[in-house]
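1. dropping a prediction and its sequence here:
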Amino acid sequence: MNHATKFPARQQPEAATPANPGSQFFARAVALHLDGKRDEALAELELALSQKEGLTAEQLTEIYSALGYIRFELKKFEEAAAAYSRLLEIDAVHPSACFNLALCWEALGRWQLAADQFERALAIDPDRQEAHLGLGACNLQLGATRQALESYERCLRNDPELEAAQFGKAVALQLQKKYAEAAEVYRRILDKNPGSEECLSNAISVSGQLQDYAAVKQFATRLLAIRPDATVALEGLAGAAFAAGAHEEAAERCAALVKAAPDSFEGWFNLGVACHAAGRHQQAAEAYGQAARLRPGEPQLHINLGIVHQEAGDLKHSQEAYQRALQLAPDSTTALWNLALLVEKQGQTAEAQQLYARLAEKSPDWEDARFRLGCTRLELGDHRGAADAFEACLRKRESWPEAQLNAAIAHWKLGDLDRAWDGFEKTVALQPDSAPALRGLAGIAVERNAYPQALELHSQLIAMGERTAELLYNTGVLLQKSGQDEKAVPLYEEAIGCSPDFPEALLNLGIALQALGREQEARVHWRRAIEAAPELAQGYFR
C-alpha cells in the first residue's frame, strides 16, 4: 500500500519591530490588534495608508509590514503578498519582508516564487535558519530533492538537534528512495519526540517500502494510540497483513479503514482484494461496488470484480464486468484474456475467437493467446487460420506437444497428409504416450491404405489401455481386411460390450462369424444390427 508523505509544516511570518510611524491610525491599529480585532486593525492601517502623502518611507514601511502580517493571519495570502511586495519596492533589503513574502507564496502553493524569495532572504542573512528550512520545503515540493537536502544539511550543521531540519532531511531522503537512511532519521526523531504524528506516518511508509513489517506494526500501533482513525496506520497494518498472507486480518484492517474514511477508494479496493483472497466473494463484490461508486473509471477494479463473479459462478455479471473493463481500457490484455476464456467456456466460440485475435495482435509474443486462437479457429472450421496460429506458436517454441498436435490436426483437415503425419510424429517424439497423435497417425495410415502400419498403430493404442468402442471396431476392421477374422471377432465383441447398439460392429461381427462358419451366430448379430439401424436392411435381397 502507498502512503502519502508528510511534508514539513509551513512557518509563520515575523512581525516587524514597530517604529513610530507618526500616525494616529497606526497607533489605533496596534491597539485593535492587541484586542484581537484584526479586521478593524486592517481598516485603520488602510486609512493610515490613504494619508501616505504625509508619511515618510520609514512610516510606509511599518504600515505595509503590518498590513502583510495581519492579512497573513487572516489567510488573505494574495493581499499579504501584495503588501510585502510593495514594502520591498521601498526597502529592497528589509530584514523580514523577503522572508515573509516567501511565506505568502508558500501558503499559496507557488513554490518557485517562494523559493526565489527565500534565496533573497538568505542573500541578506546567510545564516537565517528559518529561510534555509523554507527553501528546503519549497525544493521538496518542486521535486528538487538534492537542493532540499543541501538546505537541511546546512541547518543541521548549525544546529544538529533542530527537529524541523531532521524531518525535512528524512523527507528528502525518502523522496530520493533512500528508504533505509530516511528510516534511521525518523527513528532518531521519534526517540526524542515519540508523539510526532507526521514522523510516525512517514516512518510507516518507509518501513513498508523496506518490507520491514515489524516496524510498520510498531509505528502504526503507536500512531493509532494517538489518533485511532489514522488512515496511514490502518493502511500500514493492512499492508503488513497482506504481506503475511493473513487475508482475514487484512480484511479486518481494511474494514476499519473504510469506516474511518468512507470515501477512500484504496480502502474499499483493498477490502475487496482481502475478502476475495479470503474466499468471501459476496463481501468482495460489495467492496468493489463501493470502490466503483467512488471511481467508476478504474479498469482494474472491473477486472477484479469480473474474477470475483466468475469464481462465484455468476458468469453473467462476470462477463459484464470484463466488458466494462474493455470499454474503459480497450488495450487491457488481462480483460481480453479473461473475457475470451469465459466466453469460450460458455460455448461462445466465435466471440472468443475474435477476442483471442485482438489479443494476439496486441501481444504477438503471448503464446497462450495464439494457441487458444488456433483452438477456436479449429473448432469453427477455419483450418487454414488454425494451422497458421499453431505454426506461429511452434516458431516461438518448437517443443510444444499440444501445438504440434493441433497443427497436425489442422493440416490433416486441409488434406495435407505429409505435414499432418510429420506433426503427429513430432508430437509422439515429445510425448510417446500421446493417444491423439497415435490416432492421427493411424487415421492417415488408413487413408493411405497402409493397413499393416495402421494395424500396428491401433494395436499400440490398445496396449496403452485405449479401449474405446470406436478404436476396437477400427482395429477389428483392419484385422478383417488382412484376413484375420478370428482375431477380429473378440475386438468386435468388446466394442459391442462398450456400445451394445453399435450397428457397424454388429454387422461386421456377423460377417466375421460367417467367414468362420458360424452362420447361426452371424444371423443373430445381423438381426441386432438391423434393429439398431434399420437402413442396413436395404439391399438384403439383391
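-> Cool, got the structure. Numbering: from 1, shown residues only.
2. contacts and neighbour counts: CA atoms only from here.
-> Will do.
3. what residues are up against A43?
-> A29 (CA atoms under 8 Å, 6 or more residues apart in numbering).
4. look up which helix or strand it falls in, please.
-> Using DSSP states H and E, A43 sits within helix 38-50.
5. now that helix: buried residues?
-> 38, 41-42, 44-46, 48-49 (16 or more other CA atoms under 10 Å).
6. show me how far that helix is from its chain's centre.
-> Distance of helix 38-50 from its chain centroid, counting by CA atoms, centre = their mean, to the nearest Å, is 58 Å.
7. same check on stretch 254-271?
-> 18 Å.
8. what about that stretch, start to end distance?
-> 5 Å (CA to CA, to the nearest Å).
9. tell me the buried residues in that stretch?
-> Going by neighbour count (16+ other CA under 10 Å), the buried part of stretch 254-271 is 254-258, 260, 263-271.
10. what's the host helix or strand of L506 in contact with?
-> Secondary structure from DSSP H and E places L506 in helix 503-515. Helix 503-515 is contacted from outside by 473, 477, 480, 485-486, 488-489, 492-493, 495-496, 519, 521-526, 528-530, 532-533, using CA under 8 Å, 6+ apart.
11. out of these, which are buried?
-> Here, 16+ other CA under 10 Å leaves 473, 477, 480, 485, 488-489, 492-493, 495-496, 522-523, 525-526, 528-530, 532 buried among the contacts of helix 503-515.
12. pLDDT at I462, what is it?
-> Looking at I462, its pLDDT stands at 88.
13. what's the pLDDT at N2?
-> Listed pLDDT for N2 reads 49.
14. my bad, L47
-> L47 is given a pLDDT of 86.
15. wait, it sits on F25?
-> Yes: if you go by CA atoms under 8 Å, L47 and F25 touch, sitting 6.7 Å apart.
16. between helix 38-50 and the lengthiest helix in the chain, find me the angle.
-> In the chain, assigned by DSSP state H, the helix with the most residues is helix 57-73. Counting by axes from the mean of the first three to the mean of the last three CA atoms, to 10 degrees, helix 57-73 lies at 150 degrees to helix 38-50.
17. helix 57-73: how far from the chain's middle?
-> 54 Å.
18. next structured bit after it?
-> helix 77-90.
19. what packs against that next one?
-> helix 57-73, helix 97-107 (3 or more CA pairs under 8 Å, 6 or more residues apart in numbering; DSSP states H and E).
20. looking at the ones you listed, which is buried most?
-> helix 97-107 (a mean of 27; mean count of other CA atoms under 10 Å).
21. quick one: that helix to helix 77-90, angle?
-> Using the same axes, to 10 degrees: helix 97-107 against helix 77-90 is 160 degrees.
22. okay, angle between the helix or strand following helix 97-107 and helix 97-107 too, please.
-> Downstream of helix 97-107, the first helix or strand assigned by DSSP H and E is helix 111-124. Relative orientation of helix 111-124 versus helix 97-107 (the same axes, to 10 degrees): 160 degrees.
23. run through who's touching helix 111-124.
-> Counting by CA under 8 Å, 6+ apart, 93, 95-96, 98-99, 101-106, 128, 131-132, 134-135, 138-139, 141-142 sit against helix 111-124.
24. repeat that with 10 Å
-> If you take CA atoms under 10 Å, 6 or more residues apart in numbering as the criterion, helix 111-124 is touched by 92-108, 125-142.
25. show me which positions of that helix end up buried.
-> 111-122, 124.
26. what is the nearest of the buried residues of helix 38-50 to N406?
-> Closest approach to N406 among the buried residues of helix 38-50 (CA to CA): R38, at 85.3 Å.
27. check contacts around that closest one.
-> Listed by CA under 10 Å, 6+ apart, the contact partners of R38 are 29-32, 44, 70-71, 73-74.
28. what's the answer for A251, then?
-> 238, 241-242, 257, 267-268, 270-278, 280, 283-284.
29. regarding the residue nearest the centre of the chain, what is its secondary structure?
-> Central residue of the chain (CA atoms, centre = their mean): Q300, 6.0 Å from the mean position. Here Q300 is recorded as helix under DSSP: H, G, I helix; E, B strand; the rest coil.
30. just give the nearest non-adjacent residue to it, would you?
-> A325 (7.1 Å; CA to CA, 6 or more residues apart in numbering).
31. contact partners for the one you found?
-> Taking CA under 10 Å, 6+ apart, one finds 297-306, 319, 331-332, 334-336, 339 in contact with A325.
32. point out where this protein drops to low pLDDT.
-> Applying pLDDT under 70 to the chain flags the ranges 1-12, 14-23, 52, 539-542.
33. joint contacts of L47 and F25?
-> Residues touching both L47 and F25 (CA under 10 Å, 6+ apart): A41.
34. phi, psi for W400 please.
-> phi -120, psi 90 (degrees, to the nearest 10).
35. let's number from 55 now, not from 1
-> With 55 as the first residue, the last one maps to W454.
36. I'd say it and V482 touch.
-> No: if you go by CA atoms under 10 Å, W454 and V482 don't touch, sitting 11.3 Å apart.
37. got a list of what Q592 touches?
-> Applying CA under 10 Å, 6+ apart, the residues near Q592 are I584.
38. may I see the buried residues of stretch 479-494?
-> 479-482, 488-494.
39. meant to ask about stretch 335-349
-> So, applying 16+ other CA under 10 Å, buried residues of stretch 335-349: 335, 337-346, 348.
40. kindly report the same for stretch 350-361.
-> 353-361.
41. quick check: buried residues in stretch 565-572?
-> Buried, per 16+ other CA under 10 Å, within stretch 565-572: 565-568.
42. ditto for stretch 456-474
-> Buried, per 16+ other CA under 10 Å, within stretch 456-474: 456-467, 471, 473-474.
43. so of those residues, which ones are in helices?
-> Checking the buried residues of stretch 456-474 against DSSP H, those in helices are 456-467, 471, 473-474.
44. export the helices and strands packed on helix 131-144 to CSV and tack on distance to S250?
-> CSV is the format used below for the helices and strands packed on helix 131-144 (distance: least, CA to CA, whole Å):
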stretch, distance to S250
helix 111-127, 25
helix 151-161, 22
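45. those helices: which one's closest to I498?
-> helix 151-161 (82.3 Å).
46. chain center to the closest one, what's the gap?
-> That offset, for helix 151-161, works out to 42 Å (CA atoms, centre = their mean).
47. how many neighbours does K399 have?
-> For K399, the count of nearby residues is 11 (other CA atoms under 10 Å).
48. for L409, see how far away it is.
-> 13 Å.
49. name the residues contacting each of the two.
-> L393.
50. let me know the closest of the buried residues of helix 92-104 to I258.
-> Out of those, the member with the shortest distance to I258 (by CA to CA) is R92, at 40.9 Å.
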